[in-house]
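**Q** Provide a 3D model corresponding to the input given below.
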Amino acid sequence: MLLIHFFAILGILILGLCCLEAECRRGRLSRLYVVTLFYIALILRLFAASLSEGFGNDTACFASWADRIFQLGPGEFYSPDVFTDYPPGYMYVLWILGAIRKLFALEYYSVPHLILLKVPAIVCDLACGYLVLKEARKKCTDVQAFFLCAAFLFNPAVILNSSVWGQVDSVFTLCVACMCLSLVRRKMLPAYVSFALGVLVKPQTLLFGPILLAGILDHVFLKDFSWKKFFKNLLQGLASIGGLVLAVLPFGFLNVWEQYFNTVGSYPYAAVNAYNLWGFLGKNWVSQEETFLGIPYVAYGMAAIAATVILVFVLSLRRPRDREKYPFLAALLVISIFVLSVRMHERYMYPGLLLLLLALLLLLILVLLALLVLFVRHGRSPPDFLAQAANPPGSVISMTLTLGGYSNSAPRW
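**A** Just a heads-up that it's a prediction; the model follows:
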């Protein structure tokens, strides 16, 4: 508990320094400062990873899956007799981890083994921080970019989720962020590949499909349409799908297809430890088939998703030539679905942290207020640290501020 409070206080201090120093100082920073920042972020994460086993069920799954795929290979990995609710993408990562554990004969749940299981998420944490730094340098001074990067790297929720809790949300979040930034740059092939990799790692990436479709609509159909461009993008999209299929073939296409549907259909509850609308109404771990006014909760959730997707397309079509809108739209999408839909886990709004920060850099200053709401609301004990951040008041404030800022068109960078 002391460590959690330390992270919370550290996050607040970093944000305060970010606001103060970014206004008071200008100029370029030595590369040594940046290297030191990432070095401290890495050491802090490794230290935190060594102190906690994380969420016991998931840690046990990752450990056993790593050994299973290393021993049996991908062809025999998925079996009806074994619980496996992750797609093949992350299994390739666990294959490597299983080999490393075997090579060094690491004892189960020893400190080195726990750190090893959390290394992929930690690496993706740092990669996300680098994305923030890289984008910030294009829009801000070096000092401002430095502190904005630090605001992400030392956000307690980010550290706790990956390094303490042992979750891998940062892995697919990195893919989603790369997809959005590729759309910003009108680079469609990297966007297709990033989306395919995200889907291969975690099915939750499918939630961001409307953002990719909005980008296709903008860059392929609405801007200088030509049949040459259309067929070029069609081939690129098909190639990305083909790459995804090739990646799953060693596991057995039918096995993977069944696994995806089982994962999507799992946890049929109104809320799963999520402090969203349904958690606020006391429906945590309550069946989604229960009714309100004769209508099942799941129907309300699906209607909320449909309404959110429509809103995203409406906002996108209002600004068809605005290339910098995609991180904002992605953040709005995931936070809105988290707040209003059913079957949400406490971590499902995690990508919004990075996406809102990228939106701040690319689009409008008012997003900072929503971002601060999310940052300040974090810092609770697992699994509540993300859930508390996304309770209805905090999330509604975030949604209102970001939507209002977007609609009112704040000054451009």
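
**Q** now the helix or strand hosting residue 136: buried residues?
**A** Secondary structure here is read from DSSP states H and E; on that basis residue 136 sits in helix 111-139. For helix 111-139, the buried set under the neighbour-count rule, 16 or more other C-beta atoms under 10 Å, comprises 113-126, 128-133, 135-137. Glycine gets a C-beta too; all of them are placed from N, C-alpha and C.

**Q** how about residue 210, what does it touch?
**A** Shown in contact with residue 210 (C-beta atoms under 8 Å, 6 or more residues apart in numbering): 309, 312, 313, 333.

**Q** of these - the most surrounded one?
**A** The most crowded member of these is residue 333, carrying 24 neighbours; neighbours defined as other C-beta atoms under 10 Å.

**Q** and the gap between that residue and residue 325?
**A** To residue 325, residue 333 is 12 Å away according to C-beta to C-beta, to the nearest Å.

**Q** other SSEs contacting the helix holding residue 136?
**A** Using 3 or more C-beta pairs under 8 Å, 6 or more residues apart in numbering; DSSP states H and E as the contact criterion, the elements in contact with helix 111-139 are helix 31-51, helix 56-72, helix 88-104, helix 142-153, helix 156-159, helix 169-184, helix 351-362.

**Q** of these, which is nearest residue 261?
**A** Taking C-beta to C-beta as the criterion, residue 261 comes closest to helix 88-104 out of these, the separation being 14.4 Å.

**Q** state the mean pLDDT of the closest one.
**A** This predicted structure assigns helix 88-104 an average pLDDT of 95.

**Q** contacts for that helix next, please.
**A** Helix 88-104 is contacted by residues 62, 65-71, 74, 77, 106, 112-113, 116-117, 119-120, 168, 171, 197, 199-202, 247-248, 250-251, 256 when judged by C-beta under 8 Å, 6+ apart.

**Q** can you say which of the residues you listed are buried?
**A** The buried subset of the contacts of helix 88-104 (16+ other C-beta under 10 Å) comprises 62, 65-70, 74, 77, 106, 113, 116-117, 119-120, 168, 171, 197, 199-202, 247-248, 251, 256.

**Q** before we move on, the earlier item: TSV for the helices and strands packed on helix 111-139, including distance to residue 214?
**A** Shown next, in TSV, are those (distance: least, C-beta to C-beta, whole Å):
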stretch	distance to residue 214
helix 31-51	33
helix 56-72	33
helix 88-104	24
helix 142-153	25
helix 156-159	27
helix 169-184	8
helix 351-362	14
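
**Q** wait, which of the ones you listed is closest to residue 301?
**A** Using C-beta to C-beta as the measure, helix 351-362 is the one of the helices and strands packed on helix 111-139 that comes nearest residue 301, at 18.1 Å.

**Q** mind listing what residue 59 touches?
**A** If you count contacts by C-beta under 8 Å, 6+ apart, residue 59 has them with 53, 109, 114, 117, 166.

**Q** do the same with residue 239
**A** Taking C-beta under 8 Å, 6+ apart as the contact definition, residue 239 lies against residue 192.

**Q** what do you get for residue 258?
**A** Contact analysis of residue 258 by C-beta under 8 Å, 6+ apart lists residue 78.

**Q** now with 10 Å?
**A** Counting by C-beta atoms under 10 Å, 6 or more residues apart in numbering, residue 258 touches 78, 80, 252.

**Q** what's the answer for residue 265, then?
**A** With contact taken as C-beta under 10 Å, 6+ apart, residue 265 is in contact with residue 343.

**Q** and the gap between it and residue 169?
**A** Counting by C-beta to C-beta, the gap between residue 265 and residue 169 amounts to 20 Å.

**Q** please apply the same query to residue 305.
**A** In this structure, residue 305 lies at 19 Å from residue 169, with C-beta to C-beta as the measure.

**Q** with neighbour numbers in mind, choose between the two.
**A** The residue with more neighbours, out of residue 305 and residue 169, is residue 169; 25 against 18, by other C-beta under 10 Å.

**Q** with that, I have no additional questions.
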